[in-house]
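K.L.:
let me see the structure of the following:
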Amino acid sequence: MAGHTINIEQGTDHVRVVVDGQLLAESRRPLLLHETGLPVRYYLPPEDVRTDLLTRSDTHTHCPFKGDADYWSLPDAADLVWAYPEPKDEVARIKGYLCFYDTEVVQG
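P.N.:
Residues are numbered from 1 along each chain as shown. Take a look at the predicted model:
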């Protein structure tokens, strides 16, 4: 699509994901993905995510710009997080990183 861009930068923001009072992720080294027409997304290293609390979902989606995504869920939150196990070359930096719909940036 003409005019569609994706830029990825190494972030230093302190970000975290809390669902129903439970800390699922906390990182000071997110990748910030800026994509035309979408809010900035924080892709977090798997070491900074409580993957032990997540269950792989049967959901898979395809993005023409990033590739095929796999999803994980919590018991009460379906498809809460996704990752691109084999992203397109243009966004190879996000390989294996996990992204949540709602990521809080911690101030201070």
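
K.L.:
ok but residue 33 is inside a helix, no?
P.N.:
No - secondary structure of residue 33, determined by DSSP: H, G, I helix; E, B strand; the rest coil: strand, with no helix assignment.

K.L.:
so it makes contact with residue 44?
P.N.:
No - with contacts defined as C-beta atoms under 8 Å, residue 33 does not count as touching residue 44, sitting 11.2 Å away. In short, each C-beta sits where N, CA and C put it, glycine included.

K.L.:
and residue 87, how close does it get to residue 74?
P.N.:
24 Å (C-beta to C-beta, to the nearest Å).

K.L.:
which neighbours do residue 33 and residue 44 share?
P.N.:
residue 99 (C-beta atoms under 8 Å, 6 or more residues apart in numbering).

K.L.:
which one of these two has more residues nearby?
P.N.:
The residue with the greater number of neighbours, taking residue 33 and residue 44 and applying other C-beta atoms under 10 Å, is residue 44; the counts read 25 against 22.

K.L.:
what's the per-residue pLDDT of the more buried one here?
P.N.:
We have a pLDDT of 97 for residue 44.

K.L.:
and it, how far from residue 58?
P.N.:
The gap separating residue 44 from residue 58 is 23 Å, by C-beta to C-beta.

K.L.:
and stretch 54-68, how far apart are its ends?
P.N.:
End-to-end distance for stretch 54-68, by C-alpha to C-alpha, to the nearest Å: 19 Å.

K.L.:
residues of that stretch that come out buried?
P.N.:
Neighbour counts using 16 or more other C-beta atoms under 10 Å place 54, 66-67 of stretch 54-68 among the buried residues.
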